[in-house]
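Novice: Next one to model:
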Amino acid sequence: MFDMDRIMEMQPRPASIRGSIVWPDGPPTFIPDPDGELHVWEPPQEDEKHRPRTYVLGADIAKGLAHGDASVAWVLRADTQEAVAVWHGRVDPDLFGEKVLKWLGDWYHGA
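Specialist: This is a model prediction of the structure:
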């Protein structure tokens, strides 16, 4: 029924960078953490003309409950639609928007 070779091609690749976004007493900061919520396959880059590459950011917010659904945000390259980063975790919805999404969007050239 399914093309197993194609399905195997779609398996997630290991993140080249993994960490957490924290905001103790100031602006959000990225901290490397092997168990972190943020998985990055491609950090923000420039295009062949040395201009900031264009990225898009999409999110699905949850209530932020400790045992509820997680919120998720995907960052995609606009030219290839390839996923370059994903944040998946549980956080208050206000902080998800104000801190996590803002930080990701700013880092990825205004995604």
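Novice: got any ranges where the chain has weak pLDDT?
Specialist: 1, 11-12, 15, 64 (pLDDT under 70).
Novice: In terms of helices and strands, where is the residue most central in space within the chain?
Specialist: Computing the C-alpha centroid of the chain and ranking residues by C-alpha atoms, centre = their mean puts V86 first, at 2.8 Å. Per DSSP states H and E: V86 is located in strand 83-89.
Novice: Note down every partner strand of that strand and its orientation.
Specialist: Here strand 83-89 is paired, per DSSP bridges, with strand 38-40 (antiparallel), strand 71-77 (antiparallel).
Novice: coming back round to it: the residue nearest to the centre of the chain reaches A70, doesn't it?
Specialist: No - between V86 and A70 there is no contact under C-beta atoms under 8 Å: 11.0 Å. Glycine gets a C-beta too; all of them are placed from N, C-alpha and C.
Novice: Of the strands paired with strand 83-89, which is nearest E48?
Specialist: Closest of the strands paired with strand 83-89 to E48 is strand 71-77, at 13.3 Å (criterion: C-beta to C-beta).
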